[in-house]
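Enquirer: Structure here, sequence nowhere to be found:
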């Protein structure tokens, strides 16, 4: 019986860990839309991640589960609104100025939630119950069950990936990619880069907010760390490790980053040091990330093998050794 309980606890830990990684992968996917496709290096994704999580915690009744049909739209709406306001203020900047602006907003919101009594201050806010998914009193999903939540998060990650893949293949995605390559030329073609970048910023912020909603649902807890720029930096590392602009790469990057972090933490309490060296080495050795390496490998596998052409004996004139004699 002890062995069964131990096996059950290990399975539950594995389920919880993979669920967390997939939530972070959704956040990394949202960031890849900005960094890998639009060329906007944002360190503010955690702001929208945390806003959605805090919205769920603040709208949930103290001794009853939140209604997901109310809490989820409200969380996404506030995350989208925040990204629209922040984006409208900084979207005309670029390069290092854009990065600094996103860091500044991250710090502003961190101290807002850290010092605000309504947000629980540095202690954060606890959720006593996970959101209730029901219609007319009939429960559709039991999010208290870790396996059910696992499949919900997995399905969400897959849907977000497919939505972004479809978006990139649309005219909007092609224009956004063109802005990254040559914004002046895109403007000359009659498109307004500011509008396209702002829309992408809002979409990314909303998706990051959805990840934050799922995170708050899983852990039943939110704190100022959920809006810190450090969380955004971790998501950025996941995108770089996985391969910017590949979409599937950030998912691989999330698993790689969290896997390495877990492994190093079992070796030393100062896991940040070897983790830093590993990230630097991977960036130098794999500039295209894990996804870029896989794409190169796939191209080589699919590339047809061309045999070297031999001499065209049919057209060669016969040599008559006695002709000149």
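Expert: Perfect, thanks for sending it. Predicted model only: the values in this text are computed from it and were never measured.
Enquirer: Any idea how many residues pack against residue 156?
Expert: A count of nearby residues for residue 156, using other CB atoms under 10 Å, gives 19. Yep, even glycine has a C-beta here, placed from its N, CA and C like the rest.
Enquirer: Identify all contacting residues around the helix or strand that it is a member of.
Expert: In this assignment (DSSP states H and E), residue 156 forms part of helix 146-169. Residues outside helix 146-169 that contact it (CB atoms under 8 Å, 6 or more residues apart in numbering): 12, 15-16, 18-19, 22-23, 25-26, 29-30, 32-33, 37, 130, 141-143, 173-174, 176-177, 203, 207, 210, 214, 217-218, 247-248, 251.
Enquirer: Among the residues you listed, which ones are in strands?
Expert: residue 141 (DSSP state E).
Enquirer: Just the buried residues of the contacts of helix 146-169.
Expert: Buried residues within the contacts of helix 146-169, counting neighbours by 16 or more other CB atoms under 10 Å: 15, 19, 22-23, 25-26, 29-30, 32-33, 37, 130, 141, 143, 173, 176-177, 203, 207, 210, 214, 217-218, 247-248, 251.
Enquirer: in stretch 100-116, what's buried?
Expert: For stretch 100-116, by 16+ other CB under 10 Å, it's 101-103, 105-107, 109-110, 113-114.
Enquirer: Repeat that for stretch 88-98.
Expert: 90-91, 98.
Enquirer: Show me the strands in this structure, by range?
Expert: 125-126, 133-135, 138-141, 221-222.
Enquirer: Which among those is found nearest to residue 295?
Expert: Of all those, strand 138-141 sits nearest to residue 295, with 36.1 Å by CB to CB.
Enquirer: Now do that closest one, average pLDDT.
Expert: The predicted model assigns strand 138-141 a mean pLDDT of 86.
Enquirer: Just name the most buried of the strands of the chain.
Expert: strand 221-222 (a mean of 22; mean count of other CB atoms under 10 Å).
Enquirer: quick one: strands adjacent to that one?
Expert: strand 125-126 (antiparallel) (DSSP bridges).
Enquirer: what about the strand it pairs with, distance to the chain center?
Expert: Centroid separation for strand 125-126 versus its chain: 25 Å, with CA atoms, centre = their mean, to the nearest Å.
Enquirer: cool, and stretch 251-266?
Expert: 15 Å.
Enquirer: Provide the contact partners of it at residue level.
Expert: Contacts for stretch 251-266 (CB under 8 Å, 6+ apart): 17, 20-22, 24-25, 28-29, 157, 161, 234, 237-243, 271, 274-275, 278-279, 289-291.
Enquirer: Tally up the residues packed near residue 292, please.
Expert: 17.
Enquirer: you'd agree it is up against residue 246?
Expert: Yes: checked against CB atoms under 8 Å, the pair residue 292 and residue 246 is within contact range at 6.8 Å.
Enquirer: Run through the residues that contact the closest residue to residue 267 other than its chain neighbours.
Expert: Leaving aside its chain neighbours, residue 267 sits nearest to residue 274 (7.5 Å; criterion: CB to CB, 6 or more residues apart in numbering). Shown in contact with residue 274 (CB under 8 Å, 6+ apart): 264, 267-268.
Enquirer: Of the buried residues of stretch 88-98, which is the nearest to residue 194?
Expert: Closest to residue 194, out of all of these and judged by CB to CB, is residue 91, at 5.8 Å.
Enquirer: can I assume the closest one is in contact with residue 201?
Expert: Yes: using CB under 8 Å as the test, residue 91 is close enough to residue 201 to be in contact (6.3 Å).
Enquirer: The contacts of stretch 251-266 in helices, which ones?
Expert: 17, 20-22, 24-25, 28-29, 157, 161, 234, 237-242, 274-275, 278-279, 289-291 (DSSP state H).
Enquirer: In ChimeraX, how would I select the buried members of these?
Expert: Buried residues within these, by 16+ other CB under 10 Å, are selected in ChimeraX with:
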select :20,21,22,24,25,28,29,157,161,234,237,238,239,240,241,242,275,278,279,289,290,291
